[in-house]
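Q: The sequence and its predicted three-dimensional model are supplied below.
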Amino acid sequence: MKVALSAMALAGAIVQGEVFLHEDFSGNSFEENWVSPNDSGLGKFTLSSGNKYSADAENFGLQTSQDAKFYMAARNFEHDFDNTDKPMVIQLSVKHEQSIDCGGGYVKVYAPGADLATLDGDSPYNVMFGPDICGSKKIVHVIFGKKGDNHLITKKISCKADIHTHAYTLIIKPDNTYSVLIDNEEKESGTIADDWEILEPRMINDPEQSKPDDWVDNAMMDDVEDVKPDNWDDEPEYIVDPDAEQPEDWDTEEDGEWTPTEVPNEAWKGPFRPKRIDNPAYIGAWEHPMIENPDFEDDPTLYQFNSGAIGFDVWQVKSGSIFDDVLVTDDVEYAKEVAAKSIVAAEKERELKMIDDDAAKAKAEAQDDDDDFIEEDDDVNDEL
């Protein structure tokens, strides 16, 4: 199917496949199309171009606005998406302009017919994808809902942790492979069977094999000729502090017998440990022989997801993240064109930040010069 882009899409571009959803939060799209659960405790989404280094004041995204809140909102696709025999691309742009310390930036893709008004954190989903930051953890989640469970990718994919806009792209391919891109650069790829523990493992330890009793896998051993010297334990670990003195006001009848404090004995040698030498009997680490798993069954349909909606379900300690260009399509090239928009925005944001940083630096230097002048002037007055 070849269709011209809607007003929300990139001007002049052509879609070679189908766009099931491209949300750029223009006009009244959020109010008209998105559903939030009726929960007064949820954080409020607002439409904003951002308060810091906005590349385009007219380009609004969906921004979290309250600290320490869960945020939930979802919308249906234009129509359901069965990705049998075609790629599935899930993409969004994320800008953590608040210098996020702990919070999610991901979306969840749901099956057709999901009741958007009752979604919560336990609602089943097909795919969860996007960045997640909390302290030192800065990762891209790729989680598949399969066989009644949520399966996390076994690889670690690092996300961006700066304050600029970044495009996150997941491409699920009909040959059971995948790619994860950030700003149109591939960060990870592989097969779904290998990188998710959805299926039984292809290979298992041979149950009929075990490490021989006489197998030596200790590379080092104690030197049997290195024995503890006779005087090794002559010194105690602690000795009476030679500088300790009984206080003048110490009353034996009231305070009891005075006992001087003890301090570590520098002459104490500690527990004796013989030196270590190479073990002449060392064979090497034993590796369990592997065999093909008789319970393994390949599944050529691991990539398949029948999907009908997408939504946010995130927690943020410090609010301010901006989401934009939420996209679900089977057109990989179109997704890259949309991501290019975020890349251009980030470049502009960096330019604006550099200008701001230079101005702040110049102001600080001028203030330092003024302080130095005032100090010199005070010194002259003191001399006079």
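A: That came through fine.
Q: secondary structure class for the closest residue to T64 other than its chain neighbours?
A: Once flanking residues are discounted, T64 sits nearest to S319: 4.1 Å by CB to CB, 6 or more residues apart in numbering. To be clear about C-beta, it is placed using only N, CA and C from the backbone, and glycine gets the same treatment. Under DSSP: H, G, I helix; E, B strand; the rest coil, the three-state class of S319 is coil.
Q: tally of neighbours for S319?
A: Here the number of neighbours of S319 (other CB atoms under 10 Å) works out to 20.
Q: quick one: the residue lying farthest from the centre of the chain from G121, how far?
A: In the chain, the greatest distance from the average C-alpha position (CA atoms, centre = their mean) is reached by E253, at 65.1 Å. To G121, E253 is 68 Å away according to CB to CB, to the nearest Å.
Q: what's the answer for E349, then?
A: Relative to G121, and taking CB to CB, E349 is found at 32 Å.
Q: Neighbour count: the two, which is higher?
A: Shown here are E349 and G121; by other CB under 10 Å, E349 has more neighbours (21 against 10).
Q: tell me the contacts of the more buried one?
A: E349 is in contact with 53-55, 95, 163-165, counting by CB atoms under 8 Å, 6 or more residues apart in numbering.
Q: Now list the buried members of those.
A: Taking 16 or more other CB atoms under 10 Å as the criterion, what is buried in the contacts of E349 is 53-55, 95, 163-165.
Q: Take those residues and write them to JSON lines, including distance to W268.
A: Shown next, in JSON lines, are the buried ones among the contacts of E349 (distance: CB to CB, whole Å):
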{"residue": "Y53", "distance to W268": "61"}
{"residue": "S54", "distance to W268": "66"}
{"residue": "A55", "distance to W268": "67"}
{"residue": "K95", "distance to W268": "60"}
{"residue": "I163", "distance to W268": "55"}
{"residue": "H164", "distance to W268": "57"}
{"residue": "T165", "distance to W268": "61"}
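Q: okay, who's weakest in the residues you listed by pLDDT?
A: Minimum pLDDT across those is recorded for A55, with 74.
Q: From K348, how far out is it?
A: On the measure of CB to CB, A55 and K348 end up 4 Å apart.
Q: Endpoints of stretch 116-124, how far apart?
A: The straight-line separation of the ends of stretch 116-124 (CA to CA, to the nearest Å) is 12 Å.
Q: got a list of contacts for it?
A: With CB under 8 Å, 6+ apart as the test, stretch 116-124 has contacts from 35, 37-38, 70, 72, 74-76, 110-111, 114, 145, 309, 311, 313.
Q: residue contacts, Q66?
A: Q66 neighbours (CB under 8 Å, 6+ apart): 43-44, 319.
Q: pLDDT below threshold where in the protein?
A: 1-15, 368-384 (pLDDT under 70).
Q: Pick out the residue closest to the middle of it.
A: In the chain, the centroid-proximal residue (CA atoms, centre = their mean) is I139; its distance is 2.1 Å.
Q: List only buried entries from the contacts of stretch 116-124.
A: 35, 37, 70, 72, 74-76, 110, 114, 145, 309, 311, 313.
Q: closest to R273 among those residues?
A: G145 (53.2 Å; CB to CB).
Q: what about that closest one, which helix or strand?
A: strand 137-146 (DSSP states H and E).
Q: Show me what counts as buried in the helix or strand just after that strand.
A: Counting by DSSP H and E, the next helix or strand C-terminal to strand 137-146 is strand 149-152. For strand 149-152, the neighbour count (16+ other CB under 10 Å) marks H151 as buried.
Q: can you give me the offset of strand 149-152 from its chain's centre?
A: Between the centre of strand 149-152 and the centre of its chain there are 17 Å (CA atoms, centre = their mean, to the nearest Å).
Q: do the same with stretch 353-360
A: 29 Å.
Q: got it, and stretch 249-266?
A: On the basis of CA atoms, centre = their mean, stretch 249-266 is displaced by 56 Å from the centre of the chain it belongs to.
Q: repeat for stretch 193-213
A: With CA atoms, centre = their mean as the basis, stretch 193-213 stands 29 Å off its chain's centre.
Q: do you know how far H151 is from V142?
A: 9 Å.
Q: right, I mislabeled it, should have said V109
A: Remark: distance between V109 and V142 (CB to CB) = 12 Å.
Q: Show me whatever sits in contact with both of those two.
A: Residues touching both V109 and V142 (CB under 8 Å, 6+ apart) are 127-129.
Q: want to try TSV for those residues, with distance to N83 as columns?
A: Below are those laid out as TSV (distance: CB to CB, whole Å):
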residue	distance to N83
V127	10
M128	16
F129	14
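Q: Can you tell me which of those is closest to V224?
A: For V224, the closest of the shared contacts of V109 and V142 turns out to be M128, at 57.7 Å, with distances computed as CB to CB.
Q: Pull the distance from stretch 165-177 to the chain's centre.
A: Put simply, stretch 165-177 sits 17 Å off its chain's centre (CA atoms, centre = their mean).
Q: buried set for that stretch?
A: 165-174, 176-177.
Q: Then stretch 46-66?
A: For stretch 46-66, burial by neighbour count (16+ other CB under 10 Å) applies to 47-48, 50, 53-55, 59-64.
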